[in-house]
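the following block contains a protein sequence and its predicted model.
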Amino acid sequence: MSDPYGDIDFDEITENTGLAPDEIKCLKVCFDLFDTKKVEFLSADDLGEIMRAMGFRPTEEELADLLHEVDEDGSGEIEFGEFCQLCATFLVEDPPLEEMKKELKDAFKLYDKEGQGFITNDTLREIISELLAPLTDEEVEGILDELDEDGSGSMDFDEFCEMMMTKQE
């Protein structure tokens with residue numbers, strides 16, 4: 001029997017999706033199960049049914065967005081590479097929010113040495129200077145002013161989370 005994965009470009013799919021080879025093989029098995037006519041593509045019309053059968057719960061709006069994103073040529077046909085891209089959006093997710101908040105809380109406690117529920121600007125100044133060195137005093141003060149939105153001279157846990165979870169441009 002020939003290799004069922006022989007015609008898959010694992011490197012390209014991994015590069016495009018972040019999926020591991022074993023995940024790609026698993027998706028190939030799913031793809032082949034849904035490709036009942038053995039035409040090497042799936043119909044866009046069946047997309048919702050296919051995603052739900054695989055345990056994903058996309059809304060109609062998400063489905064439409066996904067299809068638009070994945071079916072680049074607008075053919076209404078989803079080839080295997082496109083199918084992998086589609087599934088990757090559900091498989092390669094950010095870490096759960098609760099897990100992230102716990103990690104942030106642990107990090108916050110490191111700097112909130114007295115357990116007061118906030119980090120003073122003096123402590124923040126040290127952290128910023130250490131992490132973003134070399135900075136001038138002016139630059140450090142500018143960052144502090146930006147972080148201390150309410151002018152309290154300290155940063156509470158919510159402000160800390162916001163700072164840590166904001167993606168840098």
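Okay, I see it. Numbering: from 1, shown residues only.

now do the phi/psi pair for Asp156.
When quoted as degrees, to the nearest 10, the phi and psi of Asp156 stand at phi -90, psi 180.

show me what it is bridged to.
Asp156 has the following beta-bridge partners by DSSP bridges: Phe118.

break down the chain into its strands, ranges please.
Per DSSP state E, the chain carries strands over the ranges 42-43, 77-78, 118-120, 154-156.

any chance of these in CSV, plus distance to Gln85?
C-beta coordinates here come from the backbone N, C-alpha and C atoms, glycine included. Shown next, in CSV, are the strands of the chain (distance: least, CB to CB, whole Å):
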stretch, distance to Gln85
strand 42-43, 13
strand 77-78, 9
strand 118-120, 41
strand 154-156, 39
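
how near is Leu27 to Asn121?
50 Å (CB to CB, to the nearest Å).

run through the chain and note the low-pLDDT ranges.
For the chain, the stretches with pLDDT under 70 are 1-2, 92-97, 165-169.

next, count neighbours for Thr59.
9 (other CB atoms under 10 Å).

before we move on, what about Ala64?
Neighbour count for Ala64, taken as other CB under 10 Å: 14.

neighbour count: Leu27 and Asn121, which is higher?
Leu27 (22 against 18).

my read: that one touches Leu86, true?
No: Leu27 sits out of contact with Leu86 when judged by CB atoms under 8 Å, with a separation of 9.3 Å.
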